[in-house]
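Asks: missing the sequence, but the structure's below:
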């Protein structure tokens, strides 16, 4: 008579082992390295089949420090752009800062400035990031434009600081340690 174990009904020690065993891929990799180091014989079909795959798809050479720095700078620029074109807060309200929103804010600030210089009243209903509406006076619209400028400059200042750290790095670990602040 053959007994069948249904998953979840195996003895406790088997369940515990299964949770703690390395993955099959990790186990096979350990066998491969044992063969490479001479602990296990290489004269078998397993070794030969893995060797053929590894030869067809060789591991790329390690990146140079300069290449790592270039990759890290590209990563930092992506983060800078992501932060610059996200949102910013002014006077407790969150404003969109994507490319179109930035142009709209700049245009509205210019209209507020023109109205101020002509002595004309100015008011605009602005749709915030959460889709609520906030009415802004000319002075408030100018303050939003200024806050946008500070937001953008802050992201670029952070990126410049991180670029200096990347350029100063002398090891891979130092390059890896350069991250965008949270």
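Replies: Yes, it's here. Everything numeric in this text was worked out from a predicted model, so none of it was measured.
Asks: when you work out contacts or count neighbours from here on, use the C-alpha atoms and nothing else.
Replies: OK.
Asks: quickly find the element holding the residue minimising distance to the centre of the chain.
Replies: Centroid-nearest residue in the chain: residue 79, 6.5 Å away (criterion: C-alpha atoms, centre = their mean). Secondary structure assignment for residue 79, by DSSP states H and E: helix 65-84.
Asks: mean confidence for that helix?
Replies: Averaged over helix 65-84, pLDDT sits at 95.
Asks: next, the contact list for residue 179, please.
Replies: Residue 179 sits next to 76, 162 when contact means C-alpha atoms under 8 Å, 6 or more residues apart in numbering.
Asks: secondary structure class for it?
Replies: Assigned state for residue 179: coil (three-state reduction, DSSP: H, G, I helix; E, B strand; the rest coil).
Asks: gap between the two ends of stretch 41-48?
Replies: Across its full length, stretch 41-48 reaches 11 Å end to end, with C-alpha to C-alpha, to the nearest Å as the criterion.
Asks: stretch 171-182 too?
Replies: 23 Å.
Asks: could you pull out the buried residues of it?
Replies: Neighbour-count burial for stretch 171-182 flags 175, 178 (criterion: 16 or more other C-alpha atoms under 10 Å).
Asks: surely the residue nearest to the centre of the chain meets residue 181?
Replies: No: counting by C-alpha atoms under 8 Å, residue 79 stays clear of residue 181, with 10.0 Å between them.
Asks: before we move on, back to that, so what are the sheet partners of the following helix or strand past the helix holding residue 79 and their directions?
Replies: Proceeding N to C from helix 65-84, the next assigned helix or strand is strand 87-90, under DSSP H and E. Strand 87-90 has its sheet partners listed here by DSSP bridges as strand 93-96 (antiparallel).
Asks: residues contacting the strand it pairs with, please?
Replies: For strand 93-96, the surrounding residues in contact (C-alpha under 8 Å, 6+ apart) are 85, 86, 87, 88, 89, 102, 128, 129, 130.
Asks: hmm, the fourth one is touching residue 102, no?
Replies: No: contact between residue 88 and residue 102 fails when scored by C-alpha under 8 Å: they sit 10.8 Å apart.
Asks: what residues do those two have in common as contacts?
Replies: Taking C-alpha under 8 Å, 6+ apart as the contact criterion, the common neighbours of residue 88 and residue 102 are 96, 148.
Asks: check which residues of stretch 50-67 are buried.
Replies: residue 66.
Asks: which residues touch it?
Replies: Contacting residues not belonging to stretch 50-67 are listed as 32, 170, 171, 172 [C-alpha under 8 Å, 6+ apart].
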